[in-house]
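> Need a 3D model of the following:
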Amino acid sequence: MKKLFFFATLIFVFNFVLPTSFLVSAQDNHTAREEAEGKAVWEKLQTKQLEYKNLTNDNFEVLGEYFMGQMTGSSHEAMNNMMTRMMGTEGEKQMHIAMGKRFAGTKGGGNFMMGNFGTNSIGWFGFGWVFMILFWGLVILAVVALIKWIANQDKSQTQSKSALDILKERYARGEVDKKEFEEMKKVIS
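Next comes the predicted model:
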């Protein structure tokens, strides 16, 4: 049981924690640069120097980077790395484009998929990381509970046998002879 738990923890650390930390240190700080570009595009939208209908996918991508940076703060780069690992570079780019379109659309006159939240929409979504941590914590707890339950099933099966049952099994396997069996049977009874 302890070995199983140790190996499960070890696998978790090597698959999820270490690769993310290595990726974060290997970045060339492109996330901060894209956030700054997105902020510039957002300010131009607010001052009507740009119109929502004239934005390109590149504009939406940097807007998505900006909005994600506003929601996740210092963990933005780590989240980008995680998305790149899960969906590839193109998938991460498409995610930022979609995010840029949705959030810029909310405040720029377009439609957000869940309605118009007004000027505080980014503030509400800033708590997304809390729900992500809760979700993964529950998943890990469920896996640990399942491992413990499976390990305890083996223990309960061996503990449910009486001493007489175990003695009978040993006699059947030839580990004890008839004389020893009778003596031990008297001791148990």
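> What are the boundaries of the strands in this protein?
Per DSSP state E, the chain carries no strands over any range.
> quick one, what contacts Ala172?
By C-beta atoms under 8 Å, 6 or more residues apart in numbering, no residues touch Ala172. Quick note: C-beta positions are derived from backbone N, CA and C, even for glycine.
> Now with 10 Å, please.
Residues near Ala172 by C-beta atoms under 10 Å, 6 or more residues apart in numbering: Phe181.
> can you check Gly38 too?
Going by C-beta under 10 Å, 6+ apart, Gly38 touches 59-70, 96, 100, 104.
> and which of these is nearest Arg170?
Top of the list for closeness to Arg170, among those and by C-beta to C-beta, is Met68 at 65.6 Å.
> And for the closest one, the neighbour number?
Counted with other C-beta atoms under 10 Å, residues neighbouring Met68 total 27.
> cool, and Ala163?
By the measure other C-beta under 10 Å, the count of residues near Ala163 is 12.
> what's the spacing between it and Lys185?
Ala163 sits 10 Å away from Lys185, going by C-beta to C-beta, to the nearest Å.
> How about Met79?
Counting by C-beta to C-beta, the gap from Met79 to Lys185 is 67 Å.
> Looking at those two, which one has more neighbours?
The residue with more neighbours, out of Met79 and Lys185, is Met79; 20 against 14, by other C-beta under 10 Å.
> which residue packs closest to the more buried one, ignoring adjacent ones?
What sits nearest to Met79 in space, not counting adjacent residues and going by C-beta to C-beta, 6 or more residues apart in numbering, is Thr72, at 5.5 Å.
> quick one: pLDDT of the one you found?
Looking at Thr72, its pLDDT stands at 79.
> Tell me how far it lies from Asn152.
Plainly put, Thr72 is 39 Å away from Asn152 if you go by C-beta to C-beta.
> for Met132, same thing?
Met132 is 30 Å from Asn152, by C-beta to C-beta.
> residue contacts, the closest residue to Ala104 other than its chain neighbours?
Leaving aside its sequence neighbours, Ala104 sits nearest to Leu63 (C-beta to C-beta, 6+ apart; 5.1 Å). Leu63 makes contacts with 34-35, 37-42, 45, 55, 96-97, 99-105, 108, as judged by C-beta under 10 Å, 6+ apart.
> among those, which ones are buried?
34-35, 37-39, 41-42, 45, 55, 96-97, 99-105, 108 (16 or more other C-beta atoms under 10 Å).
> Give the residue spans of this protein that score low on pLDDT.
Applying pLDDT under 70 to the chain flags the ranges 1-28, 106-127, 154-160.
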